[in-house]
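[1] I would like to see how this sequence folds:
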Amino acid sequence: MKSVIVIVAYKPKPGKADALNGLVKTHVSRLRKEGLVTHREPILLKAADGTVIEMFEWLSQEAIQQAHRNEEVHKMWAEFAEVCDYIPLSELPETKGLFAEFSPLNHTT
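    Have a look, this model is predicted:
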């Protein structure tokens, strides 16, 4: 099985930035509990407009498909739907340059 690294952008709904930040910090650990992602730590970033960018690693394409049938994952996705909208990375002004620069949301040290 070949793992898959994904990058996703979550734009917080008005007044929901803190809730989104808290939720995204538990996202991968919750997926890990379901056996769907690797032990690679996620990278969490923030765009100038408050959009949160997350990079994480699924175990495989099959794990992604399993997530779509997993009740706990569906509950978590409903929580995300309450606090944010998913947007294409290309909508972020930071992605227009040769180097896309963001602020860190998590710290590795």
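
[2] next helix or strand past the longest strand seen in the chain?
    When the chain is scanned for its longest strand (criterion: DSSP state E), the result is strand 4-12. Beyond strand 4-12 in the direction of the C-terminus, DSSP states H and E gives the next helix or strand as helix 17-33.

[3] what's that next one packed up against?
    strand 4-12, strand 52-58, helix 71-83 (3 or more Cβ pairs under 8 Å, 6 or more residues apart in numbering; DSSP states H and E). The way it works is simple: take the backbone N, C-alpha and C, and place the C-beta from them, glycine included.

[4] one step back: the longest strand of the chain - contacts with which helices or strands?
    Short answer (3+ Cβ pairs under 8 Å, 6+ apart): strand 4-12 packs on helix 17-33, strand 52-58, strand 84-87.

[5] want to throw the ones you listed into CSV with distance to residue 45, mean neighbour count and mean pLDDT?
    Below are the helices and strands packed on strand 4-12 laid out as CSV (distance: least, Cβ to Cβ, whole Å; neighbours: other Cβ atoms under 10 Å; pLDDT from 0 to 100):
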stretch, distance to residue 45, mean neighbour count, mean pLDDT
helix 17-33, 10, 16, 97
strand 52-58, 4, 20, 98
strand 84-87, 14, 15, 98
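
[6] which one of those lies closest to residue 98?
    Residue 98 lies closest to strand 52-58 among those, at 17.3 Å (Cβ to Cβ).

[7] sheet-wise, list the partners of the longest strand of the chain with their directions.
    Sheet pairing for strand 4-12, assigned by DSSP bridges, gives strand 52-58 (antiparallel), strand 84-87 (antiparallel).

[8] in that strand, which residues are buried?
    4, 8-12 (16 or more other Cβ atoms under 10 Å).

[9] those residues: which two are farthest apart?
    Across those (Cβ to Cβ), the longest gap, 25.4 Å, separates 4 and 12.

[10] coming back round to it: let me have the helices and strands packed on strand 4-12 in CSV, extended by distance to residue 69.
    As requested, the helices and strands packed on strand 4-12 are exported to CSV (distance: least, Cβ to Cβ, whole Å):
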stretch, distance to residue 69
helix 17-33, 14
strand 52-58, 14
strand 84-87, 19
